[in-house]
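Chemist: The following comprises the amino acid sequence and a computationally predicted model.
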Amino acid sequence: MFQFGISGVETYWWLPPLTAFAISCFTSMGGISGAVLILPFQVSVLGFVGPAVSPTNLLYNIIAIPSGVLRYVREKRMIWPLAWTIVAATAPGLFIGALVRIRFLSGERPFKLFAGLVLIYIGYRILETILKGGVEKRNIDARFEVSDVRFSVQALRYQFNGVEYTIVSWRLFLLAFIVGMVGGIYGIGGGAIIAPFLVGIFNLPVHSIAGVTLFGTWLTSLVGVLFYTGLSSVAGGTGQSVAPDWALGLAFGVGGALGMFVGARIQRFVPAKAIKVLLVVLVGGTGIKYIVEFFAR
């Protein structure tokens, strides 16, 4: 057994990286880093429930995500204007979310209620895209990559599989700002929340936005970890650390990096509907579990 210093977690050294590998391998196919499920694992299995669990989760994102993003870039499935717009709007919201987490949701029960509601909502949004039915538009003669990207103050347009998609800029910015606040509280960087919206509201193909949401999650997670670390001296008087557990975050991150590389590599061979169903089961099921636990006490 190995004990991680800051969190006080005592577990087998191989359990965090193995768990992160299994989770991220599947979630990365949908543009989600896996942090949305790594956090429940830390809380429910490892017993890490203090405010420091959020930046530790963000640290996992920083280490794990680059391998998956690199794979999507190589396959020409990265929409950089969309990624930078998400980052610009999400980062300010993340600062607000971090302050809310420390000030109002530092206890285990209120945080579990919040986490459960977030997870259920994410699962619902993904399920909604499945129930709407339909098949992703695709020109079978086109290449499986993003092309002809055009960005302006009014809208972002790009082509994928020979089909053009359009996003209204101000709607995207507002959504990303709200997502940043929720992600800052929960400790997921926002990608897990914005990915279902991009698919469900903007009707973008999941195979085209996975790299974008992962990159946005990575950069905002970096900002979030720095912010939480800076706040650690301010919040020191509360008796609860808000700095990440660096060793635990590294252990999760190494496994996650391998899982994301594998997930990004095989994503193109997995049907979009199968990816969505898997995410609904994992995310929604965990959220329901938290809500039940909250009211059972």
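Modeler: Arrived safely, thanks for sending.
Chemist: would you put the C-alpha positions of whatever helix or strand Asp148 lives in in CSV?
Modeler: Taking DSSP states H and E as the definition, Asp148 sits inside strand 146-151. Extracted in CSV, the C-alpha atoms of strand 146-151 (Å, rounded to 0.1, in the frame of the first residue of the first chain):
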residue,chain,number,x,y,z
VAL,A,146,-11.9,18.9,-40.7
SER,A,147,-11.4,21.4,-43.6
ASP,A,148,-12.3,24.9,-44.8
VAL,A,149,-12.4,26.5,-41.3
ARG,A,150,-13.7,30.1,-41.4
PHE,A,151,-14.1,32.2,-38.3
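Chemist: contacts for the lowest-mean-pLDDT helix or strand in the chain?
Modeler: Evaluated with mean pLDDT, DSSP states H and E, the helix-and-strand set of the chain has its lowest mean pLDDT in helix 191-200, which scores a mean of 76. Helix 191-200 has contacts (Cβ atoms under 8 Å, 6 or more residues apart in numbering) with 27, 30-33, 35-36, 86, 90, 118, 122, 125-126, 128-129, 132, 175-176, 179, 182-183, 204-206, 209-210, 212-214, 216-217, 276, 283. From N, CA and C alone the C-beta is placed, and that goes for glycine too.
Chemist: rewinding a little: so which elements touch the strand holding Asp148?
Modeler: Using 3 or more Cβ pairs under 8 Å, 6 or more residues apart in numbering; DSSP states H and E as the contact criterion, the secondary-structure elements in contact with strand 146-151 are helix 80-104, strand 155-160.
Chemist: of the ones you listed, which approaches Leu258 most closely?
Modeler: helix 80-104 (22.9 Å; Cβ to Cβ).
Chemist: How about the closest one, which residues are buried there?
Modeler: The neighbour-count criterion (16 or more other Cβ atoms under 10 Å) identifies 81-83, 85-95, 97-98, 101-102 as the buried residues of helix 80-104.
Chemist: what's the offset of the helix or strand just after the least confident helix or strand of the chain from the middle of its chain?
Modeler: Per DSSP H and E, the first helix or strand lying C-terminal to helix 191-200 is helix 206-234. Once both centres are worked out by Cα atoms, centre = their mean, to the nearest Å, helix 206-234 turns out to sit 9 Å from its chain's centre.
Chemist: tell me the mean pLDDT over whichever helix or strand comes after helix 206-234?
Modeler: Sequence-wise, the next helix or strand downstream of helix 206-234 (DSSP H and E) is helix 246-266. Along helix 246-266, the predicted local confidence has a mean pLDDT of 94.
Chemist: got the CA positions of the helix or strand that helix 246-266 is followed by in PDB?
Modeler: Past helix 246-266, further along toward the C-terminus, the next helix or strand under DSSP H and E is helix 272-279. Included here for helix 272-279 are C-alpha records, laid out as PDB according to Å, rounded to 0.1, in the frame of the first residue of the first chain:
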ATOM      1  CA  ALA A 272     -21.000   7.900 -32.700                       C
ATOM      2  CA  LYS A 273     -24.200   6.400 -31.100                       C
ATOM      3  CA  ALA A 274     -22.100   3.700 -29.300                       C
ATOM      4  CA  ILE A 275     -19.800   6.400 -27.800                       C
ATOM      5  CA  LYS A 276     -22.800   8.400 -26.600                       C
ATOM      6  CA  VAL A 277     -24.600   5.400 -25.000                       C
ATOM      7  CA  LEU A 278     -21.400   4.500 -23.100                       C
ATOM      8  CA  LEU A 279     -21.100   8.100 -21.800                       C
END
